[in-house]
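Student: Model the structure of this input:
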Amino acid sequence: MTEMISFGAGVNSVAMTIMLIEQGWRGPVVFADTGGEHPDTYCYLEYFERDYLKPRGMEITRLAPGSEWHEPRQNCSLYQFCFDRGIIPLAMTKWCSVEWKQEPQRRWLEAHGITTRLIGFALDESNRVKDYPGLSYPLIDAGITRAECGRIIQRAGLLAPKKSGCFYCPSQSVAAWRALHYEYPDLYEQAIALEENATARAGQVVTLDAHGISLRQHLERRWQGQMEMDLSDWLPCACRL
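Tutor: Residues are numbered from 1 along each chain as shown. Take a look at the predicted model:
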């Protein structure tokens, strides 16, 4: 086998995995773990492996922080790495994804003689394609849109995953931050701590929210009833302004 699935536990990568397996593909399904994924992502990993992969004799290969596939300085979770250095992940540069997702997978595939990484971009995300050697996009090649990805998962008799990612990901919408606050208040407080630690170290306001509003301000002004109308979900992301 010269191919591996770059598995993110989101709708696209789940649908791509199902599509390929139903076509007879068998190979490694590799998930690079930052150590701070959203609890729903960890839950779905277990569910998908238990209910779909293992009955077919397959499993998910997890590349955890501190493993041989990470750099020595990455011997802790991405969250702790950021906290210790007084920084936050950045939506515009996505350095966190490159260093903690792509690079560990690259090292793993090279060590195992894999030449091609299968990426789950759907047809309506063709603008994300990078014409690099060793990357392949099965969903795009098959003309599969994101909407069809949902139908592939449904036809397999599985629940669809929620958007995958770290619980403190700066690419989240305001609605996602709100959900984190209500469903996992302890993790929301950890995200506040990361943001405020970076602010103190930088000597200027640093926010995980793309619109420059701190998570504590969201908590106090929006979700404790001090703001009558919240239009943030309709504002363009700051990285696209």
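Student: Quick check: buried residues in the longest helix along the chain?
Tutor: Determined from DSSP state H, the single longest helix within the chain is helix 185-202. Neighbour-count burial for helix 185-202, counted by 16 or more other C-beta atoms under 10 Å, picks out 187-188, 190-192, 194-199. Using the backbone N, CA and C atoms, a C-beta is placed for each residue, glycine as well.
Student: And what about residue 207, helix, strand or coil?
Tutor: Per DSSP: H, G, I helix; E, B strand; the rest coil, the secondary structure class of residue 207 is coil.
Student: wait, it sits on residue 218?
Tutor: No: the pair residue 207 / residue 218 is not scored as a contact, 9.5 Å apart, by C-beta atoms under 8 Å.
Student: Between these two, which is the more surrounded one?
Tutor: residue 218 (24 against 20; other C-beta atoms under 10 Å).
Student: Quick one: neighbours of the nearest residue to that one once chain neighbours are set aside, just the number.
Tutor: Distances taken as C-beta to C-beta, 6 or more residues apart in numbering place residue 177 nearest to residue 218, at 6.0 Å, with adjacent residues excluded. Burial of residue 177 is recorded as 23 neighbouring residues (other C-beta under 10 Å).
Student: quick one: residue 177 from residue 62, how far?
Tutor: For residue 177, the distance to residue 62 equals 27 Å [C-beta to C-beta, to the nearest Å].
Student: Please, where are all the strands along this protein?
Tutor: In the chain, strands defined by DSSP state E lie at 3-6, 29-32, 60-63, 116-118, 135-136, listed in chain order.
Student: okay, the ones you listed in TSV with mean neighbour count, distance to residue 85 and mean pLDDT next?
Tutor: Formatted as TSV, the strands of the chain follow (neighbours: other C-beta atoms under 10 Å; distance: least, C-beta to C-beta, whole Å; pLDDT from 0 to 100):
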stretch	mean neighbour count	distance to residue 85	mean pLDDT
strand 3-6	21	27	96
strand 29-32	23	20	97
strand 60-63	18	22	96
strand 116-118	19	28	95
strand 135-136	14	30	94
